[in-house]
Every structure is written in C-alpha cells, then in structure tokens.
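In: prediction below, plus the sequence it came from.
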Amino acid sequence: MNNAVQTTPSLRTKLQWGGTLALVIGYAALSHYSYSQEAKSLGAALSLTPVILVGIILLGRWTRPLIALLAAALLGALLYLYWPMVEKNYSWSDFLQQSVLYGLVAIAFVRSLFGDRVPLCTQLAGQLHGALAPVEIHYMHRATLAWAAFYILLTTTIVILYFVAPLRIWSLFVNFAALGLIVFAAIVDFCIRYLVLPRRPGDGIVAIIRRALTG
C-alpha cells in the first residue's frame, strides 16, 4: 500500500515533465513552421495564446471572475476586429516575448552580482546542498558571471538576427538553437563543476535527472 502511494507521485511527475517537454517541442515546431511556410494565422495564434492565457489567469486571481470574463470577451472582440493587422505584425509579438524573456534572465544574473546580494548560482547551489565551502562560493560567483554574459549575448543575438536576417532564420534560432545552446552551456557548467569542485552525494548527472523526474 505504501509502495503504491510513493510510486503514484513519481509517475505523475514523470508524466508532467514528459507532457511539458512535448508541449515545448510541439510549440517550437509549429512556430517555426508558421515562419517557414508563411502561415500567418497559425503564427499569430501561437504568438498570442500564451500571453492571453497568462493575462487571463492573472486577471482572474487579482480581480473577480466576472471582470476577468468580461475582459476576455472584450479582448476577443478586439482580436476579431483587428485580426488582419495582428496577422501582419505577429512577428513583433514573438520578438518582444523572446527578447524580454531572455533579457530578464540576464538582468537577474547581473543584478545578483552587485551590492550585498548573493550571486544567483550561489543561491541555487545553497538550496540544493546547504552550506557551501569557500571554493564552491568562489566558483558560483564566477559561474553567475558566466551565465550573465551568456544570456546577454543570447539576447543580443536574438535582437540582431531579428533585424538583419530573414524571419525563418530568426525563428530557427529562437525556437531551436537558443534552447540547444542553453542545454549545452548547462552541460559545460556541470562538467566544470564535476572537475573542479569537491564531490557531494547526489552530484552525478544521473542523480540530478532522477531528482528532476521524481521530485
């Protein structure tokens, strides 16, 4: 009985991770398809749906449900009236979402390096391992600096490509290359930590993936 109780959350978490991964890949593939095939209706719908859903959810939490419902109805009417213009300019919505998202991540890393703040990587490592050794604190400061530079370069590349490259190339970068670069940078970071920092229980890549999947 106890084993069944313990297994269910693990299976549920795995399904949630798998569903989220499938959703991200599917969204990226459809988004890139809309640019490569000039499917403007699909692209506009994909671009606006996440923003609208988040906005309605937040509005529902901050106000009464009736107000959120009325706001959603008003937004639907406006989209119906101005849909041709939305279709024509939906790439600007994608551009703002991508550049602002990665820009905010870069700001978070940079901001944690100034004043009396704790570097972001140090915060994350402290939550995972507890108290850190001096060599670990020193490394986490440098890792935070490296991640800040990485996200600044990533955001800059997104902005430059949008204005100088065809939209299908920009889409290929933001939907696939950017995520691939983030994964590659994370693997490099992990390998360096594995080589230069003291070993800790549960530091292996398999153990980290298992924790992510099982919660």
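Out: Structure's in. What do you need?
In: so which bits of the longest helix along the chain are buried?
Out: If you go by DSSP state H, the chain has its longest helix at helix 2-36. For helix 2-36, burial by neighbour count (16 or more other C-beta atoms under 10 Å) applies to Ala28, Ser31, His32, Tyr33, Ser34, Tyr35. In this view, the C-beta of every residue, glycine as well, is placed from N, C-alpha and C.
In: Val196 and Val135: what is the separation?
Out: Distance from Val196 to Val135, counting by C-beta to C-beta, to the nearest Å: 8 Å.
In: how close does the residue most central in space within the chain sit to Ile107?
Out: The centre of the chain sits closest to Leu101, judged by C-alpha atoms, centre = their mean, with a distance of 7.5 Å. Distance, Leu101 to Ile107, using C-beta to C-beta: 11 Å.
In: and for Val183?
Out: 22 Å.
In: neighbour-wise, which of the two wins?
Out: More crowded of Val183 and Ile107, by other C-beta atoms under 10 Å: Ile107, with 14 against 10.
In: which other helices and strands contact the helix or strand hosting that one?
Out: Per DSSP states H and E, Ile107 falls inside helix 90-111. Contacts defined by 3 or more C-beta pairs under 8 Å, 6 or more residues apart in numbering; DSSP states H and E place helix 90-111 against helix 40-62, helix 134-164, helix 167-172.
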